[in-house]
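I would like to see how this sequence folds:
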Amino acid sequence: MPRHENLTYWTEGLACCDAEWEAAYNRFETPEEEKAKFLRRLKGLGVADLPRHLRVADLFSGRGGNLAALEALGFEDVSGVDLSPELLGRYRGRAKLYVGDCRDLRFADGSMDLVIVQGGLHHLPELPADLSKCLAEMVRILAPGGIVLFVEPCDTPFLRFVHACCHVKLLHRAWLKLDALAEMIEREKATYFNWLSHKREIRALAREAFDPVVDRSAMGKWYFVGRKK
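Okay, here's the model as predicted:
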């Protein structure tokens, strides 16, 4: 596997994304569409109102859509972490990039002011153990009063309707984005549906780790903003 010169490798030989999942991910939306989506979420959850000098860690960064959104908002000190050097290597911007496991972050204690995850926690293989590890690492690296922000899938009537549509092959031909989503869900179904089935436990763990500011679900997503206790 070729090494990307713009990446810092915390560890080698990590399991990366499934190639077919990654291809579907790339079909689902363009980097520009993903950036615009993440930017809308950040603005809606109040990130645009925060000081731009905050030290930000974006976890499960993928190809860097949220990094690009943070850069567009003017944040000056941003770091991205992901298991996949291939995905991180596609990002073009000023953020510092680290190939590593978000259950074992190498940032110093209290070195971040804001930690963001936009769609990554649901890839964790073991619940609740892996989520507890991630949350503990976030608490550790956040400075006093630090903020976390999560946007993850959530079992709602809308999401169940989308899942039903994924089983209608005719709709796949009419709506290519649905076809890509169905492939992504199929490739990650073990962790994805495990995540959806632990809704109450997940929210309880988040509330135990952080003082909630926002904790709501809508249109198949869970939105959580919390402060370090």
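
for Ala204, grab the count of nearby residues.
12 (other Cβ atoms under 10 Å). The C-beta positions use only the backbone N, C-alpha and C, and glycine is treated the same way.

what's the spacing between it and Leu70?
Separation of Ala204 from Leu70 (Cβ to Cβ, to the nearest Å): 29 Å.

let me see the ranges of the helices in the protein.
19-28, 31-44, 65-73, 85-88, 129-141, 157-166, 169-174, 176-187, 189-196, 199-209 (DSSP state H).

what's the most buried one of those?
Per residue and on average, the most neighbours among those fall to helix 65-73, with a mean of 23 (mean count of other Cβ atoms under 10 Å).

can I get the helices of the chain in CSV with mean pLDDT and distance to Tyr223?
Output for the helices of the chain, formatted as CSV (pLDDT from 0 to 100; distance: least, Cβ to Cβ, whole Å):
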stretch, mean pLDDT, distance to Tyr223
helix 19-28, 88, 20
helix 31-44, 96, 8
helix 65-73, 97, 14
helix 85-88, 87, 24
helix 129-141, 98, 16
helix 157-166, 96, 14
helix 169-174, 88, 27
helix 176-187, 94, 20
helix 189-196, 96, 15
helix 199-209, 97, 11
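
which one of the ones you listed lies closest to Asp101?
helix 129-141 (9.2 Å; Cβ to Cβ).

re earlier: closest to Arg94 out of the helices of the chain?
With Cβ to Cβ, the closest approach to Arg94 among those belongs to helix 65-73: 6.3 Å.

which strands or helices does the closest one pack on?
helix 31-44, strand 55-59, strand 77-82, strand 112-118 (3 or more Cβ pairs under 8 Å, 6 or more residues apart in numbering; DSSP states H and E).

off-centre distance for the second one?
When distances are taken as Cα atoms, centre = their mean, to the nearest Å, strand 55-59 is centred 11 Å away from the chain's centroid.

cool, and the last one?
Between the mean C-alpha location of strand 112-118 and the chain-wide mean there is a distance of 10 Å, by Cα atoms, centre = their mean.

neighbours of Ala108, how many?
9.

so it sits against Arg140, correct?
No: if you go by Cβ atoms under 8 Å, Ala108 and Arg140 don't touch, sitting 9.1 Å apart.

how many neighbouring residues does Ser197 have?
12.

and Gly100, by the same measure?
So Gly100, with other Cβ under 10 Å, has 20 neighbours.

and it, how far from Tyr9?
Distance of Gly100 to Tyr9, given as Cβ to Cβ: 8 Å.
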